[in-house]
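Visitor: here are the coordinates; sequence isn't available:
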């Protein structure tokens, strides 16, 4: 059995990671620091050893919802799709998972751990007996010519890209400044308002994200303008080596007839292809993503608890949080009487209250505070 040994994140540690072919942006120092800051979490790093040989690395963070010590790699709600292991070719992930159980429970004293790794299979979870949660994303293969890639788009998507060009829509790379942040968040709010909701993360989180990730060169920001020069759609992507991912996208509803989203997404595919990426992950489900020459992929999240009740609490709290978010969004929009400009400045954020004690004070947190705590309901 493989064993995990906790280590410090020294410069040598980060240099070692550069040699793993399964490394993602989520494994970088900047991303871990971003999570530690926004989730008030403690990073935990471990070598995966086979005897005296180091065959991999593991990345995670410890959080304490309700005082319960939890090892997350990562957790839902973090804006982090995958984390888990970096392993040498041929090293089975299920063997590393066996070592993770002992590491999390015995060495770290955690009550619960959860891990999502892009290369997990359902067989990995069955072999070790962990609880499995399955979600989906879409993935476009970029290792073909640009003409082949364009022809692989569904017909309606190709038509939309051409229409955007005829209508004068121009896609440009954007700088990570306050202007872009405000444009993106205003459009994101507009998207959520269509569903009588407010965004699930704050304006400050975008600022913090760009603060940590912009210097790395691993992110790309895109802006679509109409022929009058007005920003009508935005997107945030990140990538490293062969893998890129769409982190967020937003647009103005009144300009959707110009097809800015299709133009923006096509530009993003070309951008990452030209940077050498072979895979573009669309960051979650949504049938509309199938038109971008993509295939549906299962995302496997594995977990284990010392106390079975914790796993049940985790699932129930997530449902409660989503229900509370819908209710608070509806209340803020329809009863507080705010203008659209004010609406986008009101944000429901993860709070430190238990689901049954979240009061109006928690409801009225402003995104300008940029604060967050660990509530199981926010997971």
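Guide: Okay, I see it. Keep in mind that what you see is a predicted model, and the values were worked out from it rather than measured.
Visitor: What average pLDDT does stretch 330-342 get?
Guide: Computed over stretch 330-342, the mean pLDDT rounds to 57.
Visitor: Next: stretch 19-28.
Guide: 96.
Visitor: What residues sit buried inside that stretch?
Guide: Neighbour-count burial for stretch 19-28, counted by 16 or more other Cβ atoms under 10 Å, picks out 20, 22-28. Every residue, glycine included, has its C-beta placed from N, CA and C.
Visitor: Then stretch 45-64?
Guide: Within stretch 45-64, judged by 16+ other Cβ under 10 Å, the buried ones are 45-48, 50, 55-63.
Visitor: want to throw those residues into CSV with pLDDT?
Guide: Output for the buried residues of stretch 45-64, formatted as CSV (pLDDT from 0 to 100):
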residue, pLDDT
45, 98
46, 98
47, 97
48, 98
50, 96
55, 97
56, 97
57, 97
58, 98
59, 97
60, 98
61, 98
62, 98
63, 95
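Visitor: Closest one to residue 35 out of these, please.
Guide: residue 61 (5.8 Å; Cβ to Cβ).
Visitor: Now the closest one: which helix or strand?
Guide: strand 53-63 (DSSP states H and E).
Visitor: Listing partners with orientation, what would you give for that strand?
Guide: strand 42-50 (antiparallel), strand 70-73 (antiparallel), strand 85-87 (antiparallel) (DSSP bridges).
Visitor: Now residue 3. Its backbone dihedrals?
Guide: phi -120, psi 150 (degrees, to the nearest 10).
Visitor: Grab the nearest non-local neighbour of it.
Guide: residue 99 (4.8 Å; Cβ to Cβ, 6 or more residues apart in numbering).
Visitor: Quick one: the helices in the stretch 1-150 of the chain, in order.
Guide: For the stretch 1-150 of the chain, the helices defined by DSSP state H, counting those that start in this stretch occupy 11-17, 29-38, 93-102, 122-128, 146-152.
Visitor: Now tabulate the ones you listed in a markdown table and tack on distance to residue 217 and mean neighbour count.
Guide: As requested, the helices of the stretch 1-150 of the chain are arranged in a markdown table below (distance: least, Cβ to Cβ, whole Å; neighbours: other Cβ atoms under 10 Å):
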| stretch | distance to residue 217 | mean neighbour count |
| --- | --- | --- |
| helix 11-17 | 15 | 12 |
| helix 29-38 | 10 | 20 |
| helix 93-102 | 29 | 21 |
| helix 122-128 | 32 | 16 |
| helix 146-152 | 23 | 13 |
